[in-house]
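> Next one to model:
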Amino acid sequence: MRKITLTKLASTLVALSCGISFAHADTTSTNLTLNTVTVVGTLDKLGKADVTQSNLKLDVKALAQQTGARKLDESLIYQAGIYANFAPSNHYNILRIRSFYPEYAVDGTTISYSNGLYNYNPVLFGIERVEINKGANSVLYGATQPGGTVNLISKRPTQERQGLLQLQVGSKDRYSIGVDYSDRINDSVRYRLVGQWENSRGEKTYTSSRQYYFAPSFTIDFSPNTSLTFLTNFNVQNGRPNTFVVPGYGSYLTTDGSFGTSTYFGEPAYSEVDTKQFSAGWELSHKFNDNLKFEQNYRYLYINSLFYDVAAGMAQIDMRGNTSAIRSYVYNKGKFQEHYFDNRLVANGEIFKNVKATVAVGVDLLRTTVNGNYATGTAPSISLYNTTYFREGASSVLNNISPTRDYETQNQVGTYLLTSFDIAKLLTVNYGLHYTSVNGKTESAIRTNSYNTGHTTHSGGLALNLPWGFTPYVNYSEAFRARAPLATSTSSTDTLAYNTTKQLQSGLKYSPENFDGYFEVGYFNIKDRNPFRRDDLTGSYTQTDLKQNTHGWELTAKANITSWWQTSLAYTYTNATTYRTTTVYETNGIPKHQVAFWNNFAIGNKLDVGFGVRYYGTTNARSIGYLDLRRLMQRQSPYVSVADGRTKPVWLFDMAISYDITPNWNLGLNATNLFNEKYLTNCNSVCYFGATRNVVATATYKW
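Numbers count the residues shown, from 1 in each chain. This next block holds a predicted model:
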């Protein structure tokens with residue numbers, strides 16, 4: 001019944017919109033110049049921003065100038081509702097939005113596979129804009145993570161010729177060269193070439209990352225109403241992964257000693273990451289008239305991944321009082337492929353007096369496959385305070401691993417409806433639904449598990465456009481996901497209930513009429529049922545938690561106080577609780593309070609100086625323990641449990657300086673964690689250190 005209803009609705013929509021649009025269309029226009037760059041792959045599928053919820057649209061160039069970031073998560077440290085300080089990784093982006101992991105999309109095409117062994121690694125230099133939809137919302141892409149969607153808009157051909165050369169050098173052996181050039185072949189064909197080489201060292205000794213990135217794109221303007229953009233990128237990353245997990249004994253528990261943030265508990269000879277990533281797709285836009293258009297986007301993604309690493313877990317004290325870290329290894333080698341295809345009709349017009357409507361009907365298709373081999377097991381322990389590598393004992397174990405086959409597929413077909421009504425320029429009413437049919441399976445050497453289900457998600461919101469720039473809003477949205485566990489033993493679970501999430505958010509936006517500023521305060525409440533938990537070693541999914549409830553507040557303030565003084569404030573309060581069958585506890589790794597305050601001062605016409613301060617409150621520290629084998633002499637259990645506690649709060653200071661040498665040349669200097677504070681971001685059995693001081697100098701030439 002859902003499909004029949006949507007089909008009838010689509011037919012009615014096209015007929016109605018054509019009737020509206022032909023009455024208003026300008027059929028005499030001969031202007032062949034497009035004044036703006038068409039972007040089909042945006043979260044705003046209706047062609048207008050959703051004012052009934054809290055969302056972000058961020059310019060990557062401005063983010064990079066503020067933070068000196070080389071990765072996406074590093075660039076988002078001054079945004080409300082986003083926790084981007086969970087763990088420093090030299091290869092992966094680790095974000096939490098409103099305490100949950102988000103879904104990622106590139107140019108409007110979702111990347112559905114959230115297994116950490118096949119992460120998509122975006123290159124910040126190749127991104128033009130970041131769009132963030134906070135919290136549950138499967139109406140946009142079907143089955144998605146409960147934290148929302150982070151959509152990355154790639155650099156694409158511009159209307160005018162432009163070029164950029166960027167050179168960087170910084171701490172942790174950071175060196176990079178970036179080139180960005182866009183031009184026209186003729187009046188109808190434009191192109192852009194973006195490339196970057198980068199080298200850097202991780203937070204831990206022995207860890208490193210090298211990256212080679214190339215992203216050609218071109219646009220064909222067939223007419224003022226029709227354009228086609230091809231987007232491709234090639235990305236190779238290799239090196240030694242920065243394993244950020246450390247034992248709680250020696251980091252959180254320091255009564256008997258401690259180790260530094262750079263201490264490496266892996267094995268350099270058995271640590272490697274080598275990822276080759278390729279994606280290609282297109283964005284097609286055809287405008288029938290002023291009130292009806294067709295949009296289509298497609299992307300193919302291929303990831304060839306080799307990941308091999310040794311990580312430390314619990315600490316152990318032997319009979320002689322020597323302290324070591326118990327270690328395990330993970331090996332994964334395989335290929336991930338994804339096809340995503342989205343088609344939609346978008347119509348707009350005045351349906352009644354003072355009532356304007358925008359409606360989109362679409363169909364999206366998704367297929368992902370994983371074909372690889374993985375292995376995990378116990379590795380020889382290592383001294384906690386006097387690490388020694390390249391030992392023969394490690395070689396005998398790590399040279400003789402036995403990988404297991406891992407084959408996974410997921411197929412998704414969705415139909416969706418999005419609507420927005422603007423009534424008398426006073427009230428905005430939005431509603432959307434997405435029906436998703438999804439099936440998939442996982443195959444291992446032991447057996448095959450599968451799932452096949454369908455689910456409809458809804459979203460809706462109201463916003464009042466009041467005088468003096470006030471806009472109160474309320475919004476409700478849903479999300480869902482389905483997974484099958486990878487069988488690692490004959491007794492493994494063969495089915496998982498699908499995960500559902502509901503979010504209610506409300507707030508007030510304020511854009512003063514006579515003041516250059518923006519203010520927003522918002523409340524959110526998210527209820528996540530049957531959440532999936534991914535095993536960091538095997539990548540398989542389990543459902544040990546019954547639910548996770550999160551509520552909180554967000555405050556955003558941005559203002560140009562004077563022509564030379566800009567300021568911004570982001571505050572987030574998050575109360576996250578996890579429920580299990582036998583216990584209830586505060587969700588790990590999420591600070592209750594976050595503050596990010598930034599001030600930028602323009603000194604003359606050439607110099608800008610910025611200062612920032614960030615505060616991260618305490619997080620729950622639980623399940624921390626260690627083994628003391630000496631207790632066996634007293635016939636006691638060797639496991640020593642430590643009472644749950646909290647990590648310490650921390651204040652971090654950042655700085656940015658930008659100087660225009662000429663109209664074309666600019667020099668920049670950025671420093672984060674300026675005073676090199678040592679702190680823990682999370683403790684849950686194991687612990688995570690926060691990022692240390694990072695300094696980078698940037699020289700940019702524009703033409």
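> all contacts plus neighbour counts: C-alpha atoms, from now on.
Will do.
> residue contacts, the residue nearest to Asp660 when sequence neighbours are not counted?
Spatial nearest neighbour of Asp660, excluding adjacent residues (C-alpha to C-alpha, 6 or more residues apart in numbering): Asn666 at 4.4 Å. Taking C-alpha atoms under 8 Å, 6 or more residues apart in numbering, we find Asn666 in contact with 658-660, 699-701.
> Next one: Asn666 from Ser99, what distance?
From Asn666 across to Ser99, the span is 38 Å (C-alpha to C-alpha, to the nearest Å).
> Ranking by neighbours, what's the top pick from the contacts of Asn666?
For those, neighbours were counted by other C-alpha atoms under 10 Å; the highest total belongs to Ser658, with 21 neighbours.
> The stretch 51-200 of the chain: strands as residue ranges?
Per DSSP state E, counting those that start in this stretch, the stretch 51-200 of the chain has strands spanning 55-59, 82-83, 96-97, 103-106, 109-111, 127-134, 148-154, 162-170, 174-184, 189-201. These are given in chain order.
> Then the stretch 351-500 of the chain?
355-383, 404-423, 427-443, 448-464, 470-481, 499-510.
> Just put the ones you listed in TSV and tack on distance to Val609, mean pLDDT and mean neighbour count.
Written out in TSV, the entries for the strands of the stretch 351-500 of the chain read as follows (distance: least, C-alpha to C-alpha, whole Å; pLDDT from 0 to 100; neighbours: other C-alpha atoms under 10 Å):
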stretch	distance to Val609	mean pLDDT	mean neighbour count
strand 355-383	43	93	20
strand 404-423	42	93	20
strand 427-443	40	93	21
strand 448-464	38	92	20
strand 470-481	32	96	23
strand 499-510	27	96	22
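> In TSV: the ones you listed, plus distance to Leu607.
Compiled in TSV, the strands of the stretch 351-500 of the chain are given as follows (distance: least, C-alpha to C-alpha, whole Å):
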stretch	distance to Leu607
strand 355-383	45
strand 404-423	44
strand 427-443	42
strand 448-464	41
strand 470-481	35
strand 499-510	31
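> right, so of those strands, which gets closest to Asp107?
When these are ranked by proximity to Asp107, the top entry is strand 355-383, at 14.3 Å, counting by C-alpha to C-alpha.
> Report the angle between the closest one and strand 427-443.
With axes from the mean of the first three to the mean of the last three C-alpha atoms, to 10 degrees as the basis, strand 355-383 and strand 427-443 are set at 40 degrees to each other.
> Next, Tyr270: phi, psi?
phi -130, psi 50 (degrees, to the nearest 10).
> May I ask you to confirm that it is in contact with Val397?
No. Counting by C-alpha atoms under 8 Å, Tyr270 sits too far from Val397 to count as a contact (10.6 Å).
> The two: who's more crowded?
Ranked by neighbour count (other C-alpha under 10 Å), Tyr270 and Val397 place Tyr270 first, with 18 against 14.
> Which ones among the contacts of Asn666 map onto strands?
In strands, judged by DSSP state E, the following of the contacts of Asn666 are found: 658-660, 699-701.
> Reformat the residues you listed as CSV; add pLDDT and distance to Ser223.
Shown next, in CSV, are the ones in strands among the contacts of Asn666 (pLDDT from 0 to 100; distance: C-alpha to C-alpha, whole Å):
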residue, pLDDT, distance to Ser223
Ser658, 97, 41
Tyr659, 98, 41
Asp660, 97, 39
Ala699, 98, 39
Thr700, 98, 35
Tyr701, 97, 34
